[in-house]
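Colleague: everything below, folded, please.
(chains A, B, C and D)
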There are 4 protein chains.
Amino acid sequence: MIPPVSRDQGVKRREDNEIEFSRIVAFSDGVFAIAITLLVLSLDIPEHLHGESLGSALWDQRQDLLAYAISFAVIGRFWVIHHRFFGDVTGFDGRLLALNILYLAWIVLIPFSSEVLGDHGGDTDAIVLYAVNLAAVALLGWVMAFDAHRAGLTTMGASEEREFRLRAFFVALVFLASIPLAFVAPDLAPLVWLVLFLDPTRGLMQRVTSGAGS
Amino acid sequence: MIPPVSRDQGVKRREDNEIEFSRIVAFSDGVFAIAITLLVLSLDIPEHLHGESLGSALWDQRQDLLAYAISFAVIGRFWVIHHRFFGDVTGFDGRLLALNILYLAWIVLIPFSSEVLGDHGGDTDAIVLYAVNLAAVALLGWVMAFDAHRAGLTTMGASEEREFRLRAFFVALVFLASIPLAFVAPDLAPLVWLVLFLDPTRGLMQRVTSGAGS
Amino acid sequence: MIPPVSRDQGVKRREDNEIEFSRIVAFSDGVFAIAITLLVLSLDIPEHLHGESLGSALWDQRQDLLAYAISFAVIGRFWVIHHRFFGDVTGFDGRLLALNILYLAWIVLIPFSSEVLGDHGGDTDAIVLYAVNLAAVALLGWVMAFDAHRAGLTTMGASEEREFRLRAFFVALVFLASIPLAFVAPDLAPLVWLVLFLDPTRGLMQRVTSGAGS
Amino acid sequence: MIPPVSRDQGVKRREDNEIEFSRIVAFSDGVFAIAITLLVLSLDIPEHLHGESLGSALWDQRQDLLAYAISFAVIGRFWVIHHRFFGDVTGFDGRLLALNILYLAWIVLIPFSSEVLGDHGGDTDAIVLYAVNLAAVALLGWVMAFDAHRAGLTTMGASEEREFRLRAFFVALVFLASIPLAFVAPDLAPLVWLVLFLDPTRGLMQRVTSGAGS
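Modeller: Residues are numbered from 1 along each chain as shown, chains lettered A, B, ... in the order given. Here you go, the predicted model:
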């Protein structure tokens, strides 16, 4: 369906450049690891307790803790997907590097969007910011995978690529779908995201793609 | 005793996926390294000295420094255990990855719990928070090891697995035992944790497990 | 043109010290990854909304977001250059290590300069600080590459070295050129930096260096 | 001179446990990389300019910038030493791991001591804190190396070990010597540290140790 686009010029094969390749992966892992750990900085330490107990001051932060848990799961999920995608990559060029850095720029924004969400829980704007951020990550992940697939830089087969693409669209769709809802019922919008953890794609995927290996 | 549960579907052998496997380990190490280093942010820099000397302002932070020292030792300890466990792992699947990320989410919480403990030393709620956090890490570490062992993803023998489990229970027990004490004598509760550093398990372990290798 | 300077004493060949060499690269990657991720801390979380909506409070930060985007692209670019340079390195000594650490010291300053720029957008001093910081990185990168090339520690050919040098000078020149402009028209000065993303060097390079491989 | 102490029990040879060994090194590198990068957080972003220009507000931070430069050089130096030491290590046990974590705990304290020094430049207590921190790092580095050497876990020869020890003592001595001076002339005490960068040890070392390799 997709005609392979030759980008031979400047493409380095993974097997010939194992160290350079592993640096790309290591750099990405470092960024993921730091971004996921910075989430803890979004939890405020109660400094002055104005008469209330420490326990109730901590309880007031339950929304921050919820945002922490959701964002940790989400970044962890994206890391697993990135991890699996680069396991299939067999070559790289400047363009894949640039797309990967662009992708990471949106990953690193997550601790910011997450803290805004934690501090302004029921606020429409906070939900829109978070949903846009995560939809952007999903779409950029798809662009990166699609581009690498088209340039013949991965071992992904056509059906596998289709599955990957559907999954990315599904994640993006869930976040984008929560945006209009955020204007009507901001308290319900985040519940839409739970669909991601139910992973209904498993069944859907198996029907759409006939027997694609994981 | 424990019937092995086949999870062959989706399991990747370590020897065939050395790079993917080492990424999991590298990601975990990154998270551990960042979490342990973020502990330093819990120490407040005295900005304005209202007549007192800098030395006495620093001395006022001795509780923060103590929390720093305890948490550094504790995260370091958990890293050593994680390090040893993954040295025995021979394969991985999505479930081990998910459990590992859940485990890391609780590791990353430690700098938060530690700073709360340092700022509110004798407070019952701070001790409970810290104890719950660390008991959760110990129990999740056990769940991860038990699950991997049952699925045949490790080289751990049955006696080794029993030792690992006992050790994790011991750590969890020490932290859980300090919770009721925190309500009665909050100043004494943290002293219970010192039992961990005395490592009485060495003798206990040898009696319970008959000659299990380390 | 440049007589090779022998620094055999203390030089370790990469092939004999693969682990030590990869630690240098891993340490550098770690510093790059952390510096690029710390950029997110320059975005302020709106705490108290004095009547205005969260959306407009976030909109007020568009200059911070722009500085974040520029700095992420810039650090990412420098990482790619560093990555490519060390791909050509075949040996190292104490001097290369020292120059690399000096280089990293200026990379780590970028999140600071970037946050100052984001908070004081149209201010001449902020632009000068940022331009000096990035010109220093480009020049130090050139010094490191030139020094390693002269000592025979890289596989770079003469024409490749010339291209690398021209590129570094071009980056430094762009930032230095924006400094006088910052005194006259501070709002226009950052636009000069966009020249970097147009990458006119590609054509220029090909004319200056006759067919140097990438 | 020093009778080798057998710790065969629990010692793992590096060649048989290359992955586990490289994790120890990677974890240490991660901690070093994060600690050195966190130094940038000690630089305050001027938020509100009360009539003064941004340039003069930045100029007021010259002491912070100096502390940043010194600490970056110092942590970089210690990293080089740690890097060189682990290049000689051929085996590890729980004790080396524990000493390494203790060592890292003092490395991670440096950003704290450094920020205190930058904010309270001429203050005796700040100088003492900084000097104690760095002397502790040097001494713990020596203890770790000495202990590993005695247990036969390194390839260091006797003369090399002597050089390593002398060097560590020299560093510790310089910092300890600045402590009494800090009580008499706090402005001069940091100048003593410059001795470290002059590296007089090179000559001294060569006289004391007869022809030890680097």
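
Colleague: which parts of chain A sit against chain C?
Modeller: By Cβ under 8 Å from any Cβ of the partner chain, the residues of chain A that approach chain C are A:10, A:17, A:19-20, A:23-24, A:26-27, A:30-31, A:34-35, A:38, A:41-42, A:94, A:97-98, A:101, A:104-105, A:108-109, A:111-112, A:115-116, A:119-120, A:123-126, A:128-129. Every C-beta, even on glycine, is put in place using the N, C-alpha and C of the backbone.

Colleague: select only the buried ones of those residues in PyMOL?
Modeller: Buried members of the residues of chain A next to chain C can be picked out in PyMOL with the line below, counting by 16 or more other Cβ atoms under 10 Å in any protein chain shown:
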select buried, chain A and resi 20+23+24+26+27+30+31+34+35+38+42+97+101+104+105+108+109+111+112+115+116+119+120+123+124+125+126+128+129
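
Colleague: so which elements touch the host helix or strand of residue A:166?
Modeller: Using DSSP states H and E, residue A:166 falls within helix A:158-184. The contact analysis (3 or more Cβ pairs under 8 Å, 6 or more residues apart in numbering or on different chains; DSSP states H and E) places helix A:158-184 against helix A:62-88, helix A:124-150, helix A:189-193, helix A:195-198, helix A:201-208.

Colleague: ok and it relative to helix A:62-88, angle-wise?
Modeller: Orientation of helix A:158-184 against helix A:62-88 (axes from the mean of the first three to the mean of the last three Cα atoms, to 10 degrees) gives an angle of 160 degrees.

Colleague: now helix A:158-184: buried residues?
Modeller: For helix A:158-184, the buried set under the neighbour-count rule, 16+ other Cβ under 10 Å, comprises A:160-164, A:166-168, A:170-172, A:174-176, A:178-179, A:181-182.

Colleague: return the distance of it from the chain's centre.
Modeller: Counting by Cα atoms, centre = their mean, to the nearest Å, helix A:158-184 is centred 11 Å from the centre of its parent chain.

Colleague: ok, which of the residues of chain A next to chain C also contact chain B?
Modeller: Answer for the residues of chain A next to chain C near chain B (Cβ under 8 Å from any Cβ): A:26, A:30, A:34, A:38, A:41.

Colleague: quick check: closest non-adjacent residue to the closest residue to chain C within chain A.
Modeller: As assessed by Cβ to the nearest Cβ, chain C sits closest to residue A:30 within chain A, at 3.2 Å. Closest residue in space to residue A:30, ignoring its immediate chain neighbours: residue C:33 at 3.2 Å, by Cβ to Cβ, 6 or more residues apart in numbering or on different chains.

Colleague: and the one you found, how many neighbours does it have?
Modeller: 29 (other Cβ atoms under 10 Å in any protein chain shown).

Colleague: the inter-axis angle of the helix holding residue A:166 versus helix A:124-150?
Modeller: 170 degrees.

Colleague: the helix or strand hosting the residue nearest to residue A:30 - what's its average pLDDT?
Modeller: Following DSSP H and E, one finds residue C:33 within helix C:18-38. Over the span of helix C:18-38, the pLDDT mean works out to 88.

Colleague: check which helices and strands it is in contact with.
Modeller: Helices and strands touching helix C:18-38, by 3+ Cβ pairs under 8 Å, 6+ apart, are helix A:18-38, helix A:94-119, helix C:62-88, strand C:91-92, helix C:94-119, helix D:18-38, helix D:62-88.

Colleague: by how many degrees do that helix and helix D:62-88 diverge?
Modeller: Put simply, helix C:18-38 runs at 150 degrees to helix D:62-88, going by the same axes, to 10 degrees.

Colleague: any idea how far the closest residue to chain B within chain A lies from residue C:34?
Modeller: As assessed by Cβ to the nearest Cβ, chain B sits closest to residue A:33 within chain A, at 3.1 Å. From residue A:33 across to residue C:34, the span is 10 Å (Cβ to Cβ, to the nearest Å).

Colleague: hey, what's in contact with both of the two?
Modeller: Common contact partners of residue A:33 and residue C:34 (Cβ atoms under 8 Å, 6 or more residues apart in numbering or on different chains): residue B:34.

Colleague: now stretch A:113-126: how far from the chain's centre is it?
Modeller: The answer for stretch A:113-126 is 18 Å, by Cα atoms, centre = their mean.

Colleague: pLDDT of that stretch, averaged?
Modeller: Stretch A:113-126 shows a mean pLDDT of 89.

Colleague: how many neighbouring residues does residue A:185 have?
Modeller: Counted with other Cβ under 10 Å, the neighbours of residue A:185 add up to 11.

Colleague: list the contacts of it.
Modeller: Neighbouring residues of residue A:185 by Cβ under 8 Å, 6+ apart: there are none.

Colleague: can stretch A:50-63 be found next to chain B?
Modeller: Yes - on the criterion Cβ under 8 Å from any Cβ, stretch A:50-63 is in touch with chain B at A:53-55, A:58.

Colleague: so which of those residues are in helices?
Modeller: The helices, defined by DSSP state H, take in A:54-55, A:58 from those.

Colleague: and the residue of chain A closest to chain C, what does it touch?
Modeller: Counted by Cβ under 8 Å, 6+ apart, residue A:30 has contacts B:30, C:29-30, C:32-34, C:37.

Colleague: could you redo the last one with a cut-off of 10 Å?
Modeller: A:104, B:26-27, B:30, B:33-34, C:26, C:29-34, C:36-37, D:30, D:33-34 (Cβ atoms under 10 Å, 6 or more residues apart in numbering or on different chains).

Colleague: swap in residue A:13?
Modeller: Shown in contact with residue A:13 (Cβ under 10 Å, 6+ apart): A:21, A:90-92, A:153.

Colleague: what about the residue in chain A sticking out farthest from the centre, distance to residue C:25?
Modeller: Note on chain A: the largest C-alpha distance from the chain mean falls to residue A:51, namely 41.0 Å (Cα atoms, centre = their mean). According to Cβ to Cβ, residue A:51 and residue C:25 sit 54 Å apart.

Colleague: and the pLDDT at residue A:211?
Modeller: At residue A:211, pLDDT is 41.

Colleague: returning to what we had before: report the angle between the axes of the helix holding residue C:33 and helix A:94-119?
Modeller: Using the same axes, to 10 degrees: helix C:18-38 against helix A:94-119 is 50 degrees.

Colleague: and helix C:18-38, how far from the chain's centre?
Modeller: On Cα atoms, centre = their mean, the centre of helix C:18-38 falls 15 Å from the chain's centre.

Colleague: low-confidence stretches in chain A?
Modeller: A:1-9, A:197-214 (pLDDT under 70).

Colleague: residues contacting the residue most central in space within it?
Modeller: For chain A, residue A:78 is the residue whose C-alpha lies nearest the centre (Cα atoms, centre = their mean; 3.9 Å). Listed by Cβ under 10 Å, 6+ apart, the contact set of residue A:78 reads A:32, A:35-36, A:103, A:106-107, A:110, A:134, A:137-138, A:141, A:171.
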